[in-house]
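Student: Generate a structure from the sequence data that follows.
(one chain, ligands or ions: 1)
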Amino acid sequence: MTSEKVEIVKDVYWVGAIDWMLRDFHGLWTPKGGTYNAYLIIDEKITLIDTVAPNFSAELLDRIRTIIDPAKIDYLICQHVEPDHSTAYAAMLEAAPNAKIITSKRGAEYLQKSFPGMEFPIEIVDDGETLSLGKRSLKFVQIPMVHWPETMISYMPEEQLVFSNDAFGMQIATPYRFADQIDDWYEPLRSYYSYIVRFNAAAVLKAFKKIEGVPIKIICPSHGPIWRKNIQEITDIYYRWSSSPEQEQAIVVYSTIWKSTEQMAHAIREGIASVGVAAEIYNLEDEQLSRVQGAAMEAKAVVVGAMTYNIDPYYPTAAFMPYLKHLRPTNKIGAAFGSYGWGGGATKVLTGQLKDFKFEEVLDPLNVQFRPSEEDLKRCYEYGQEIGRKVKAAFS
Ligand code: FEO
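Tutor: You can find the predicted model right below:
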């Protein structure tokens with residue numbers, strides 16, 4: 001039972017669920033949990049925007065009951081059919097038997113296919129259509145591929161408020177519902193964007209075009225805190241990540257068994273840093289890959305290292321490569337390095353992948369047999385310097 005009530009503007013409430021124990025959101029590392037946001041609008045037509053993930057229907061209904069009897073709900077707005085937002089429709093329709101589900105044509109199709117055998121009372125809305133709720137209204141804007149084909153957002157012009165679904169979301173559980181109440185939102189927002197949204201960055205830019213000039217004071221996403229103070233800052237960040245996220249930074253990532261590749265990684269990082277480029281290093285065996293993916297998104301150069309295991313890159317690095325691919329890293333400089341015992345092979349595979357991912361430039365790989373000598377480490381340092389200079393040149 002919950003009594004927590006959060007009013008965003010008059011008669012618009014957050015009524016979602018807090019998943020304090022969430023640590024893995026279908027592959028996204030969520031060390032501080034997450035939320036599934038739903039919003040209740042009290043007007044002549046009582047309206048619920050989105051629902052919550054499996055196992056959280058009771059929390060959603062409890063929260064609604066602190067404001068109104070759920071049986072009075074007229075509209076259930078389905079902006080996105082992924083189960084973290086749509087699973088509770090069955091419970092909602094039981095509690096609100098007169099409600100209609102309002103969704104896009106594709107949303108209707110996906111809902112029926114997601115719940116085979118269930119009959120939903122669906123009313124389809126077109127792109128740009130407005131639904132009057134009484135004193136307020138909702139305009140539906142379809143933003144396909146941000147990040148599913150059926151995704152739409154809902155704009156309330158009377159409050160200049162947008163229900164943005166997954167866009168501008170992050171996974172973090174806190175006692176606070178507004179972004180201006182927390183300090184540490186940048187990395188969770190970046191991780192969420194890089195893991196879930198970045199692959200469809202072109203669709204985000206199209207969506208920006210579609211809402212150009214629309215005044216926005218409040219953004220209510222379907223995960224994480226609500227944005228009400230720094231709208232310009234957050235939209236600028238999203239635009240940058242969707243167009244050209246690269247900063248004057250590099251990251252060196254690696255995996256190793258007997259530490260030779262690790263020695264190389266540190267020497268390369270130091271070489272990059274020596275020319276004045278910020279460079280981070282990640283041992284992929286000790287890291288959550290989605291966290292490293294966020295850092296890789298903002299790096300101009302990504303340097304991937306692995307020792308050769310039989311004939312391939314050691315598994316942690318091999319596992320990281322799809323994360324890199326899904327960033328669509330076409331504006332990046334790439335390089336591969338690693339140690340081997342006899343036949344080698346890891347850096348050849350990694351270099352081929354960097355080229356396949358369409359990196360802007362891929363350096364010839366750097367290999368060391370067995371343990372790096374002083375001379376080898378000097379080569380690694382100089383390799384880092386070369387990478388660092390290329391990063392510098394890209395920003396000069
Ligand atoms: Fe939060 Fe794409 O679901």
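Student: ok, how many other residues are close to whichever residue of the stretch 151-300 of the chain sits closest to the ligand?
Tutor: Nearest to the ligand, among the residues of the stretch 151-300 of the chain, is D166, at 4.5 Å (C-beta to the nearest ligand atom). Yep, even glycine has a C-beta here, placed from its N, CA and C like the rest. If you count neighbours by other C-beta atoms under 10 Å, D166 ends up with 25.
Student: so who does it touch?
Tutor: 80, 82, 146-147, 151, 196-197, 221-223 (C-beta atoms under 8 Å, 6 or more residues apart in numbering).
Student: List the residues that contact the residue in the chain that the ligand sits nearest to.
Tutor: Scanning the chain for proximity to the ligand using C-beta to the nearest ligand atom identifies E82 as nearest, at 3.6 Å. Contacts for E82 (C-beta under 8 Å, 6+ apart) come out as 148, 166.
Student: Give me the buried subset of the contacts of D166.
Tutor: Buried members of the contacts of D166, scored by 16 or more other C-beta atoms under 10 Å, are 80, 82, 146-147, 151, 196-197, 221-223.
Student: Need the mean per-residue confidence for the longest helix anywhere in the chain.
Tutor: Criterion DSSP state H: the longest helix present in the chain is helix 374-394. Per-residue pLDDT over helix 374-394 has a mean of 98.
Student: Equivalent analysis for stretch 329-338, please.
Tutor: Stretch 329-338 shows a mean pLDDT of 98.
Student: got the buried residues for it?
Tutor: Residues 329, 331-338 are the ones in stretch 329-338 that count as buried (16+ other C-beta under 10 Å).
Student: which intervals of the protein have sub-threshold pLDDT?
Tutor: Along the chain, the parts satisfying pLDDT under 70 run over 1-4.
Student: all helices for it, in order.
Tutor: Using DSSP H, helices in the chain cover 57-65, 83-86, 89-95, 105-114, 186-192, 201-210, 231-243, 260-274, 289-298, 315-325, 346-356, 374-394.
Student: mind giving me the domain split of the chain?
Tutor: Domain segmentation of the chain under automatic domain parsing yields 6-243, 247-394.
Student: Tell me the gap between the longest one and the middle of its chain.
Tutor: Taking C-alpha atoms, centre = their mean, to the nearest Å, one finds the center of domain 6-243 at 14 Å from the center of the full chain.
Student: Check the gap between the nearest residue to E360 once chain neighbours are set aside and V391 for me.
Tutor: Excluding the flanking residues, the one nearest E360 by C-beta to C-beta, 6 or more residues apart in numbering is N331, at 5.6 Å. Distance of N331 to V391, given as C-beta to C-beta, to the nearest Å: 12 Å.
Student: same check, this time on Y381
Tutor: In this view, Y381 and V391 are 16 Å apart by C-beta to C-beta.
Student: the more surrounded of the two?
Tutor: Each of Y381 and V391 has its neighbours counted (other C-beta under 10 Å); V391 has more, 25 against 19.
Student: Surely that one is in contact with A273?
Tutor: No - in this structure V391 lies outside contact range of A273 using C-beta atoms under 8 Å: 10.9 Å.
Student: Give me every residue in the stretch 51-200 of the chain that's in contact range of the ligand.
Tutor: By the rule C-beta under 6 Å from any ligand atom, the part of the stretch 51-200 of the chain lying against the ligand is 80, 82, 84-85, 147, 166.
Student: How about the contacts made by M156?
Tutor: Neighbour list for M156: 12, 41, 136-139, 162-163 [criterion: C-beta under 8 Å, 6+ apart].
Student: ok, of the residues you listed, which come out buried?
Tutor: By neighbour count, with 16+ other C-beta under 10 Å, these hold 12, 41, 136-139, 162-163 as buried.
Student: Just the ones in strands from the residues you listed, please.
Tutor: 12, 41, 137-139, 162-163 (DSSP state E).
Student: Just flag the most distant two among those.
Tutor: V12 and K139 (15.1 Å; C-beta to C-beta).
Student: Do me a favour and get the end-to-end distance for stretch 282-294?
Tutor: 12 Å (C-alpha to C-alpha, to the nearest Å).
Student: Identify all contacting residues around that stretch.
Tutor: By C-beta under 8 Å, 6+ apart, the residues outside stretch 282-294 that reach it are 27-29, 31, 187, 190-191, 193-195, 251-256, 262, 265, 295, 316-317, 319-320, 323-324, 326-327.
Student: Whichever of the residues you listed end up buried, select them in PyMOL.
Tutor: To isolate the buried ones among the contacts of stretch 282-294 in PyMOL, judged by 16+ other C-beta under 10 Å, type:
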select buried, resi 28+29+190+191+193+194+195+251+252+253+254+255+256+262+265+295+316+317+320+323+324+326+327
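Student: Keeping just the C-alphas, turn stretch 300-310 into PDB.
Tutor: Only the C-alpha atoms of stretch 300-310 are listed here, as PDB (Å, rounded to 0.1, in the frame of the first residue of the first chain):
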ATOM      1  CA  LYS A 300      36.200  10.300 -30.300                       C
ATOM      2  CA  ALA A 301      38.600   7.300 -30.200                       C
ATOM      3  CA  VAL A 302      37.800   3.800 -29.000                       C
ATOM      4  CA  VAL A 303      40.800   1.600 -28.600                       C
ATOM      5  CA  VAL A 304      39.900  -2.100 -28.100                       C
ATOM      6  CA  GLY A 305      42.300  -4.600 -26.700                       C
ATOM      7  CA  ALA A 306      42.200  -8.400 -26.200                       C
ATOM      8  CA  MET A 307      44.700 -11.200 -25.800                       C
ATOM      9  CA  THR A 308      44.200 -13.900 -28.400                       C
ATOM     10  CA  TYR A 309      42.300 -16.900 -26.900                       C
ATOM     11  CA  ASN A 310      42.900 -19.700 -29.400                       C
END
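Student: so what's K300 up against?
Tutor: Going by C-beta under 8 Å, 6+ apart, K300 touches 246-250, 331-333, 391, 394-395.
Student: One more pass at 7 Å, please.
Tutor: Neighbour list for K300: 246-250, 332-333, 391, 394 [criterion: C-beta atoms under 7 Å, 6 or more residues apart in numbering].
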